[in-house]
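Participant: no sequence on this one, just coordinates:
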């Protein structure tokens with residue numbers, strides 16, 4: 001029996017806890033129900049949106065009139081006839097209205113549709129203590145389980161059509177209507193008028209404070225009016241530019257809205273960019289300190305650079321035709337340059353191949369330049385030429401010369417059409433037969449007669465060639481060898497005679 005009693009007690013406690021949790025949420029489906037009271041809820045119907053900062057967080061569950069015995073104020077006062085709206089908050093993030101919460105019925109469109117704009121709590125300083133939550137209506141009272149939002153926290157915006165209706169009458173009729181209707185409204189409603197004044201007392205107190213602040217700053221406001229007139233005068237004069245700025249700002253705003261994702265990404269990367277910029281600025285500061293002498297020198301050289309820049313103006317103007325001609329020439333030579341690409345490639349290969357030899361030649365020429373090798377070479381050529389020069393009763397003369405002809409090479413046999421040679425010209429009759437063979441007296445390696453001055457004075461007649469024909473190959477070869485030897489000896493004699501001046 002004890003076990004059964006314990007189980008039953010536990011079951012009852014669990015049911016009680018579940019019921020309390022359900023009552024705390026305000027509804028079985030988790031909706032947070034706020035019972036808000038208004039002076040007037042005209043055109044407010046069920047299903048309309050409940051918004052916080054323009055975003056929908058719920059809807060209007062029911063619209064009714066306060067009953068007798070139903071408290072509408074925070075102090076428990078009753079006011080039968082006041083409008084009551086049950087607001088269902090579906091968003092779990094806003095199911096915690098505080099005692100300073102407020103709701104306002106606002107027009108949604110010109111067709112008369114409404115929505116309820118709420119603030120779960122008023123803004124406050126960071127770290128300050130938040131107000132307590134709304135009081136939940138107890139069981140047995142009207143709206144049990146709902147959260148009580150008193151009348152003084154709520155309001156309703158004046159409809160636009162009511163304001164427009166006032167402007168339809170003349171000023172005198174408007175004043176008369178205001179006085180008559182105000183008198184009719186206040187007739188026998190002293191308590192209501194006192195209530196309105198009492199409810200407006202905090203606003204009047206704040207208005208008095210504002211007026212006191214303005215009275216203390218009247219001189220500043222007067223100066224502000226004067227300065228504003230001065231500021232607005234240029235704006236009025238340049239109103240077309242101001243309108244253009246606003247128009248361009250609208251275009252820029254549209255473009256920025258289209259790239260909002262990129263802008264958001266830029267702001268996301270901005271802290272990292274600042275970190276990198278900090279290190280960069282440190283290095284830039286070091287660079288600026290190090291570059292200060294350079295900047296000082298540049299400042300001193302700036303007048304000269306300015307003068308040079310001005311002087312280059314006419315030169316640049318005069319060089320314009322040349323640059324144009326160069327451009328035309330480059331355009332005309334483009335195909336040829338493109339066609340020369342294979343040759344350029346071959347020259348590059350040749351340049352790579354001749355690099356070692358060019359380096360050695362560079363070293364040789366550098367050594368020549370340091371040791372005056374070119375000067376010594378020129379002196380050697382000059383002194384060598386002077387050695388072979390002659391001297392007679394008329395003075396010095398040259399035995400050496402450079403003949404700018406095609407006949408500057410030493411040859412054994414004369415070439416056709418070349419008159420400068422070191423051998424005697426043979427007559428047609430002599431050239432038709434074989435050349436005579438040299439004798440033993442004229443072939444010794446050293447030509448006789450040079451030491452005693454008889455070189456070239458007389459010559460030994462060559463031996464008579466054999467009449468017997470030679471048909472064998474060995475005989476023909478021997479004959480050609482003898483002929484070449486005779487021509488070589490004769491050329492040597494003529495060269496030595498020219499160089500030594502013998503026989504002039």
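Facilitator: Yes, it's here. It should be emphasised that the depicted structure is a prediction, and the values quoted were computed from it without experimental measurement.
Participant: off-centre distance for the helix or strand where residue 380 lies?
Facilitator: Under the criterion of DSSP states H and E, residue 380 resides in helix 373-387. Helix 373-387 sits 67 Å away from the centroid of its parent chain (CA atoms, centre = their mean, to the nearest Å).
Participant: just checking, what packs against the helix or strand following that helix?
Facilitator: Next along the chain after helix 373-387, taking DSSP H and E as the criterion, comes strand 390-392. Other elements packing on strand 390-392 under the criterion 3 or more CB pairs under 8 Å, 6 or more residues apart in numbering; DSSP states H and E are strand 395-397. For every residue, glycine as well, the C-beta is placed using N, CA and C.
Participant: please identify the buried residues of the longest strand anywhere in the chain?
Facilitator: Taking DSSP state E as the criterion, the chain has its longest strand at strand 55-65. Going by neighbour count (16 or more other CB atoms under 10 Å), the buried part of strand 55-65 is 57-61.
Participant: just the closest of these to residue 315, please.
Facilitator: The shortest approach to residue 315 among the buried residues of strand 55-65 belongs to residue 57, at 77.0 Å (CB to CB).
Participant: which residue ranges form the strands in this structure?
Facilitator: Listed in chain order, the strands of the chain (DSSP E) span 32-38, 49-52, 55-65, 83-89, 102-107, 114-119, 147-149, 154-156, 390-392, 395-397.
Participant: any chance of the ones you listed in JSON lines, with mean pLDDT too?
Facilitator: Rendered in JSON lines, the data for these read as follows (pLDDT from 0 to 100):
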{"stretch": "strand 32-38", "mean pLDDT": "95"}
{"stretch": "strand 49-52", "mean pLDDT": "96"}
{"stretch": "strand 55-65", "mean pLDDT": "94"}
{"stretch": "strand 83-89", "mean pLDDT": "95"}
{"stretch": "strand 102-107", "mean pLDDT": "93"}
{"stretch": "strand 114-119", "mean pLDDT": "95"}
{"stretch": "strand 147-149", "mean pLDDT": "94"}
{"stretch": "strand 154-156", "mean pLDDT": "89"}
{"stretch": "strand 390-392", "mean pLDDT": "71"}
{"stretch": "strand 395-397", "mean pLDDT": "68"}
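Participant: neighbours of residue 39, just the number please.
Facilitator: Neighbour count of residue 39, defined by other CB atoms under 10 Å: 16.
Participant: thought it was touching residue 85?
Facilitator: No: the pair residue 39 / residue 85 is not scored as a contact, 11.9 Å apart, by CB atoms under 8 Å.
Participant: quick check: residue 168 vs residue 349, distance?
Facilitator: Using CB to CB, to the nearest Å, one gets 101 Å for the distance from residue 168 to residue 349.
Participant: now residue 147: closest residue in space that isn't a chain neighbour?
Facilitator: Among residues not flanking residue 147 along the chain, residue 134 sits closest, at 4.0 Å (CB to CB, 6 or more residues apart in numbering).
Participant: tell me the contacts of that neighbour?
Facilitator: Remark: with contacts taken as CB atoms under 8 Å, 6 or more residues apart in numbering, residue 134 is in contact with 34, 97-99, 101, 147-149.
Participant: can you redo those residues as TSV with neighbour count and distance to residue 227?
Facilitator: What follows is the contacts of residue 134, written out as TSV (neighbours: other CB atoms under 10 Å; distance: CB to CB, whole Å):
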residue	neighbour count	distance to residue 227
34	25	48
97	25	45
98	15	43
99	17	44
101	22	42
147	23	51
148	20	51
149	25	46
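Participant: re the thing from before, each with direction, which strands does the longest strand of the chain pair with?
Facilitator: Take DSSP bridges as the rule and strand 55-65 pairs in its sheet with strand 49-52 (antiparallel), strand 83-89 (antiparallel).
Participant: and of these, who's closest to residue 327?
Facilitator: Using CB to CB, the strands paired with strand 55-65 put strand 49-52 closest to residue 327, at 70.5 Å.
Participant: list the buried residues of that closest one.
Facilitator: Going by 16+ other CB under 10 Å, strand 49-52 has these buried residues: 49-52.
Participant: try stretch 342-353
Facilitator: For stretch 342-353, a neighbour-count test (16+ other CB under 10 Å) marks nothing as buried.
Participant: what average pLDDT does that stretch get?
Facilitator: For stretch 342-353, the per-residue pLDDT values average out at 91.
Participant: which residues touch that stretch?
Facilitator: By CB under 8 Å, 6+ apart, stretch 342-353 touches no other residue.
Participant: reformat the contacts of residue 134 as a markdown table; add distance to residue 375.
Facilitator: Listed next are these as a markdown table, based on distance: CB to CB, whole Å:
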| residue | distance to residue 375 |
| --- | --- |
| 34 | 114 |
| 97 | 110 |
| 98 | 109 |
| 99 | 113 |
| 101 | 110 |
| 147 | 116 |
| 148 | 120 |
| 149 | 116 |
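Participant: quick revisit: now tabulate the buried residues of strand 49-52 in a markdown table and tack on distance to residue 78.
Facilitator: Converted to a markdown table, these look like this (distance: CB to CB, whole Å):
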| residue | distance to residue 78 |
| --- | --- |
| 49 | 30 |
| 50 | 26 |
| 51 | 30 |
| 52 | 30 |
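Participant: re the thing from before, quick one, which of the strands of the chain is nearest to residue 372?
Facilitator: Residue 372 sits nearest to strand 395-397 of all the strands of the chain, at 26.9 Å, using CB to CB.
Participant: list just the nearest of the buried residues of strand 55-65 to residue 113.
Facilitator: Here the nearest of the buried residues of strand 55-65 to residue 113, counting by CB to CB, is residue 60; it sits at 11.8 Å.
Participant: so what's that closest one up against?
Facilitator: 44-50, 85-88, 116.
Participant: quick one, what contacts the closest residue to it other than its chain neighbours?
Facilitator: Leaving out its chain neighbours, the residue that sits closest to residue 60 by CB to CB, 6+ apart is residue 48, at 4.7 Å. Residues near residue 48 by CB under 8 Å, 6+ apart: 59-60, 108, 113-116.
Participant: all set now, cheers.
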